[in-house]
Each structure stands twice: as structure tokens, then as C-alpha cells.
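Participant: sequence and computational prediction follow.
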Amino acid sequence: MIYLDNAATSFPKPSEVYGEMDEFFRERAANPGRAGYRLSTEAEKGIETTRKVLAGLFGAREPQRLVFTLNATDAINMAIKGLLNPGDHVITTTLEHNAVTRPLNSLERQGVITVTRVRPSPQGFVDPGDIKGSITPKTRLVALVHASNVLGTVQPIGDVGWLAREKDLLFLVDAAQSAGLWPIDVEGQCIDLLAFTGHKSLLGPPGTGGLYVGGRVELRPWREGGTGVDSQNPVQPEDMPFRLEGGTPNFVGLVGLKAGVEFVSRTGTDKIRRHGQALISQLLHTLGDDKRFTLYGPPPEAEDRSPILSLNIKGMEPQVVGTILDESFGIAVRSGLHCAPGTHKEIGSFPQGTVRISPGFFNTGDDVTQVALALKEIASSMAESSR
Ligand SMILES: Cc1ncc(COP(=O)(O)O)c(C=O)c1O
């Protein structure tokens, strides 16, 4: 099996991730910081190390302002629902994943907030000028995906962050596809809320993720409960991270996430990203001149693209192509809308979607050669059967 669906979740993980989780889960998996005995205190230290490692990766000066969540969806919901008040206006884009779109749509439909959705260029890039032009006196938040999960296009979050700061707006970045691949600096890029997931390019297990909450933001907790500290307090403590971290965390998963992030830091985000970009470039060059394919997103030489390529074989449903790749060639890719219908409306692939190929750090040039050959063979057999 050739796995090329790393934008959905990275697989396989570095061996350290499996190794450290297995050892911890078998030998030392006590509930962190809740009992006072050594094993529990050690588990707590493990979690705090994960928090520090992540804060270091994202340039966050105060690790305690980075709270753990189940995934990016959880983090984004925590941010949007914990922040927005009746009458607020939000600027977002049509490129967003449903993790951003749906919470905003539902608040909009309830009449709580108003939303402006900025459209990207035909290649999938957002112009900060369009965000600037959408600001109203009621605007409170700009919510922007860093890397599109359909096109791979990377948005100028630094420019948008500066703009938001200058206009005294809050800035939420959905880094589900970019954390671990692109440099992110919450201080330098003026990011107030950074939502990330652990199981994609941070190379950790599912059920891990987080939200960095900058010093300009106070969120209402949307999950209240035990924190293991300040238990006499009748309500959720004010202190971070406890304010937003009620309940037992996924402490086994967080051990794996630490190992994943350490692998990323040791290897370097630049090296990991360039490897994936080179594979996408190889694919674009191999399929680029073949008129039977529609390739979406920027050209091969584009630097600001994550290792994701959406394509279609003309005249074929992407779901059918995905099934043939799986069943006849042993190649796993994702077909459909990828939870981002707005992006497909922009690029003209709605409602059927695209075939999305997303190599990871452990894929090789040969994997890409195989998928290109398979796609050409499918396109040829389609042409023959329609004769
Ligand atoms: C851009 C983007 N945002 C958010 C998410 C949601 O991530 P998770 O499913 O880990 O919550 C995804 C997942 O595919 C994504 O690609």
C-alpha cells in the first residue's frame, strides 16, 4: 500500500512516537498531577514538557497559554464560541475548512454575529487588502486558514496579523495543515489564537491538538470541570491553562505528540516541507502537460504551497478514481470535498470535489512515480471505454 493521504492524517509516524507511547502506557500511565504520588507527578511533568516543546515551536513566550484540545476542530470551537459576543462581525475566507465555517455559520444563523467571507485569487491566495477592505466598526475577529487543505496554498498570515493588530482586531489562525511544516511565530506574526492538530504534520497521534491563547484574549471556558488544582473553587479557575482544560487530558497521546514534535524540531520544518514540495513538483511536472488532467492550485515553481495536490481526470468522478487507485493499484488518496466546500466552489470542482494527493515525510519519489503512472493508466482506460 502506498499511503498518500497525509493531509487527512500523517502515516506512518516516526518510530519514536510509537515507542514512547507504548513504554509510557505500559509502565507509567498515571493520571497527571491529580494524586501527588510520584508516578502522577511524572505524568504531569511529561505533559508540561509537551506544552513547552510546542510553545517553543510556535514562538510562544508563555507556555501555560497553550491549552490542549482533542484536535484543531475542538480548538477552533473553543476559540470562536469562547470569544464572540452578540453583534460581533467576523472576517474569514471562502477557503476555510468546515471546522471554521460551521461554527461561524451557526452563530450567524442564530443572529449572534455577522460574517464577511473574502474570496481568494483563482490560484487560491487571499489578498490582505481584501481583508482590510472588509473591516467594519463591529469587526472583532479575523479567522484565516494558514494552508488550504485542498490546494495547499499558504496565506500571508504575517501580513494579516500585522493588519489585525494595527486595527485592534483579534486574529485566529487555523494551522491544522501548517503546524510542523511551516514556520509559525505567534509573537512575530501577531497571532492571538493559534489552533493546531497533533495528528497531521506534527506527527503525533489522533486525539491531540491545542489552542494558543495570546495575552490579548480572554476566552469563556466551554468545558468546565476538574483541574486537579484549586478544587475548592466553585467555578473554573481563572489561571491558564486550567481555565480551558477541564477533565482528564489525553495524556498518553500527549506523550506521543511530544515525540512527534521533537522529531519535527530535530529534522527541521524546512527540510520536511521541502521534501513534500519536491514530491508535489515531481507530480506536477509529470502530469502537467497531459490534457486529460485538471490540476488545481499554483504552478510547480510556487514556493508558498504545502505538499498537497488536488486534481481530476476529465470526465471521471473523483470518487471513482480514488476507488480504482485503492483497489487496483494499492494507493490511498482522498477524494471528494475534503470538508472545504467553499474552496471547491472557488475552483469549479463543486459538488464532486477532487482527488487529493498529499505525500508526507516518509513518502519517496518512487511513490509519486507510481501514482502518476496509475493515474495515466486510469485516464487511458477511461478514454478506451468511452470509444
Ligand atoms: C485546514 C483544516 N482545518 C481544520 C481541520 C480539522 O482538523 P481535525 O480534524 O484534526 O480537528 C483540518 C483537517 O483536515 C484541516 O485540514
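Facilitator: The structure has been received and is ready for your questions.
Participant: identify the residues contacting the nearest residue to Asp159 once chain neighbours are set aside.
Facilitator: Spatial nearest neighbour of Asp159, chain neighbours left out: Pro128 (4.5 Å); criterion: CB to CB, 6 or more residues apart in numbering. C-beta: built from backbone N, CA, C; applies to glycine. Under the criterion of CB atoms under 8 Å, 6 or more residues apart in numbering, the contact list for Pro128 reads Pro156, Asp159, Val160, Leu163.
Participant: kindly report the same for Leu66.
Facilitator: Taking CB under 8 Å, 6+ apart as the test, what Leu66 contacts is Arg51, Leu54, Ala55, Phe58, Ala60, Gly210, Leu211, Tyr212, Val213, Pro241.
Participant: doesn't Gln64 make contact with the first one?
Facilitator: Meaning Arg51. Yes. Look at Arg51 against Gln64 with CB atoms under 8 Å: they come within range, at 7.4 Å.
Participant: Ala79: which of the contacts of Pro128 is nearest?
Facilitator: Val160 (15.9 Å; CB to CB).
Participant: that older thread, out of the contacts of Pro128, which are inside helices?
Facilitator: Asp159, Val160, Leu163 (DSSP state H).
Participant: ok, Ile131 to Leu83 distance?
Facilitator: Per CB to CB, to the nearest Å, Ile131 is found 18 Å from Leu83.
Participant: and stretch 44-64, which residues are buried?
Facilitator: Buried residues in stretch 44-64, defined by neighbour count with 16 or more other CB atoms under 10 Å: 44, 46-51, 53-55, 57-60, 63-64.
Participant: can you give me the offset of it from its chain's centre?
Facilitator: 19 Å (CA atoms, centre = their mean, to the nearest Å).
Participant: before we move on, what about stretch 33-53?
Facilitator: 26 Å.
Participant: next: stretch 259-273.
Facilitator: Its chain's C-alpha centre and that of stretch 259-273 lie 16 Å apart, by CA atoms, centre = their mean.
Participant: check stretch 287-301 too.
Facilitator: The mean C-alpha position of stretch 287-301 is separated from the chain mean by 24 Å, CA atoms, centre = their mean.
Participant: what's Thr139 sitting at in phi/psi?
Facilitator: For Thr139, the backbone dihedrals (degrees, to the nearest 10) come out as phi -70, psi 130.
Participant: circling back to that earlier point, ok, and the most crowded of the ones in helices among the contacts of Pro128?
Facilitator: In terms of neighbours by other CB atoms under 10 Å, these top out with Val160 at 25 neighbours.
Participant: how near is the closest residue to Gly158 other than its chain neighbours to the ligand?
Facilitator: Spatial nearest neighbour of Gly158, excluding adjacent residues (CB to CB, 6+ apart): Gln189 at 4.5 Å. Distance, Gln189 to the ligand, by CB to the nearest ligand atom, to the nearest Å: 17 Å.
Participant: dump the contacts of Pro128 to JSON lines, plus pLDDT and distance to Val112.
Facilitator: Formatted as JSON lines, those follow (pLDDT from 0 to 100; distance: CB to CB, whole Å):
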{"residue": "Pro156", "pLDDT": "98", "distance to Val112": "29"}
{"residue": "Asp159", "pLDDT": "98", "distance to Val112": "29"}
{"residue": "Val160", "pLDDT": "98", "distance to Val112": "24"}
{"residue": "Leu163", "pLDDT": "98", "distance to Val112": "25"}
